[in-house]
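1. structure for this input, please:
(one chain, ligands or ions: 2)
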Amino acid sequence: MESPVSRNARYDLPIDLQVESRLGDIGRLVSLPSTTFRLLSLLMSETTSARDLQKVVEQDPGLTAKVISLSNSVIYAIRDPVSTIDRAITIIGFKELEIIALGIGLSETFDLKKVPPGFDGRALWLHCLSVSWIARELALVTKAAEPSEAMIAGLLHELGIIILVSKFPIHFIQLLDLINSGQPLQDAETTLNLRHEAIGYQLAKNWGLPQVFQEVILFHHYPHLCPNHAKLASIINLADNLAHRSGYGLTIESSSIDLPKILATLGLKIETLQNLIKNIITAIPKVEPLWNQLLNGTKPVGKTGGKFSSLLK
Ligand SMILES: [Fe+2]
Ligand SMILES: [Fe+2]
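-> Ligands and ions are numbered 1, 2, ... in the order given. Model (predicted):
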């Protein structure tokens, strides 16, 4: 149950957007490295080529080393070791590498290894990566959004939580205390005026990200209120729910969904969704080792595909 909050003036949404007074200048405190920003621009363009990606990655020695190391990891065991980015693109795949490179950039900007006790930072990244991956599949099937936009929106949808955990640990501990005392995340956030949707929205705005990402971050729990990008917000809402049900959720956040309304918005038949879920169950175990490698080879949290079927009941 939502705590009563005056609806904000700009959007018809029960969230107070004025979180800056609580957190200071979010944009000044949290800047995005130039390579990560360039990767975001590449991802936003449907005409990006493998050569464009190669050029951006090669300009960043740290990123290059990580990508080559990923390509040589046990998952991609091949006879000749990979030593160049263009070979890495061939091995990993262009689209997979795009999101992996962006994931590396973001995970370095927001170090979730040093997080407040009681919170699993790696599970948060796995959640964002899985929502990104599922969102791209949903966009491809429904044609309701650009697949690259869906992928980025999935990766960024919990930007507010990522910032709170990595940059404002004292505020996040206050939030965890309220959650541990029995309050749902949204109520606890409202009590502290730290709604993660509003924090992510403010940062996306300060970074100058396109309005589509600002809105989807803000409305990922209220897709039908999203004024200009309701379809993409619905894709992220559904991908978020599927990720939760497959063991890639966040323990602090529950994922509610109005499935009939989402299906209608996306023009998606239940049979098509069922087929898509089968594909996700088959495909996620193949990409999951790459995500774990990205997150320093740690063991997976999720039980892949374990609970997808419950969505269909
Ligand atoms: Fe969320
Ligand atoms: Fe989420």
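2. residues in contact with residue 12?
-> By C-beta atoms under 8 Å, 6 or more residues apart in numbering, residue 12 lies in contact with 225, 227. Glycine gets a C-beta too; all of them are placed from N, C-alpha and C.
3. what about 7 Å?
-> Applying C-beta atoms under 7 Å, 6 or more residues apart in numbering to residue 12 gives the contacts residue 225.
4. quick check, central residue of this structure?
-> In the chain, the residue lying closest to the centroid (C-alpha atoms, centre = their mean) is residue 155, at 2.4 Å.
5. now it: closest residue in space that isn't a chain neighbour?
-> Among residues not flanking residue 155 along the chain, residue 132 sits closest, at 4.2 Å (C-beta to C-beta, 6 or more residues apart in numbering).
6. burial of the one you found, as a residue count?
-> The number of residues packed near residue 132 is 24, by other C-beta atoms under 10 Å.
7. sec struct for the residue nearest to the centre of the chain, please.
-> Following DSSP: H, G, I helix; E, B strand; the rest coil, the label given to residue 155 is helix.
8. for the closest residue to ligand 2 within the stretch 51-200 of the chain, give me its contacts.
-> For the stretch 51-200 of the chain and ligand 2, the shortest gap (C-beta to the ion) falls at residue 158, measuring 4.8 Å. By C-beta under 7 Å, 6+ apart, the contact set of residue 158 is 124, 127-128, 196.
9. can you say which of the residues you listed are buried?
-> Buried by 16 or more other C-beta atoms under 10 Å: 124, 127-128, 196, out of the contacts of residue 158.
10. in helices, which of the residues you listed appear?
-> Using DSSP state H, the members of the buried ones among the contacts of residue 158 that fall in helices are 124, 127-128, 196.
11. name the residue of the chain that lies nearest to ligand 2.
-> Nearest residue of the chain to ligand 2, counting by C-beta to the ion: residue 240, 4.1 Å away.
12. show me what the helix or strand encompassing that residue is packed against.
-> Per DSSP states H and E, residue 240 falls inside helix 230-243. Applying 3 or more C-beta pairs under 7 Å, 6 or more residues apart in numbering; DSSP states H and E, one finds that helix 230-243 makes contact with helix 121-142, helix 147-156, helix 211-219, helix 259-266.
13. 10 Å instead, please
-> Judged by 3 or more C-beta pairs under 10 Å, 6 or more residues apart in numbering; DSSP states H and E, helix 230-243 is in contact with helix 121-142, helix 147-156, helix 211-219, helix 259-266, helix 270-294.
14. got the angle for the longest one vs helix 259-266?
-> Using axes from the mean of the first three to the mean of the last three C-alpha atoms, to 10 degrees, one finds that helix 270-294 and helix 259-266 are set 90 degrees apart in direction.
15. I'd like the distance from helix 270-294 to the chain centre, please.
-> Relative to the centre of its chain, helix 270-294 is centred 15 Å away, using C-alpha atoms, centre = their mean, to the nearest Å.
16. dump the buried ones among the contacts of residue 158 to a markdown table, plus pLDDT.
-> Listed next are the buried ones among the contacts of residue 158 as a markdown table, based on pLDDT from 0 to 100:
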| residue | pLDDT |
| --- | --- |
| 124 | 89 |
| 127 | 90 |
| 128 | 90 |
| 196 | 93 |
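17. which ones are touching the closest residue to residue 148 other than its chain neighbours?
-> With C-beta to C-beta, 6+ apart as the measure, residue 43 is the residue that lies nearest to residue 148, at 5.3 Å, once sequence neighbours are left out. Counting by C-beta atoms under 10 Å, 6 or more residues apart in numbering, residue 43 makes contact with 53, 95, 98-99, 101-102, 148-149, 151-152, 155.
18. rerun that using 7 Å as the cut-off
-> Residues near residue 43 by C-beta under 7 Å, 6+ apart: 98, 102, 148, 151-152.
19. domains for this structure, by residue range?
-> Using automatic domain parsing, the domain parsing of the chain gives 30-109, 113-313.
20. and those: which comes nearest residue 22?
-> Each of the domains of the chain has some distance to residue 22 by C-beta to C-beta; the shortest is domain 113-313, at 5.4 Å.
21. from the chain's centroid, how far away is that closest one?
-> The answer for domain 113-313 is 5 Å, by C-alpha atoms, centre = their mean.
22. re the thing from before, mean pLDDT lowest where, among the domains of the chain?
-> For those, mean pLDDT drops lowest on domain 30-109, to a mean of 79.
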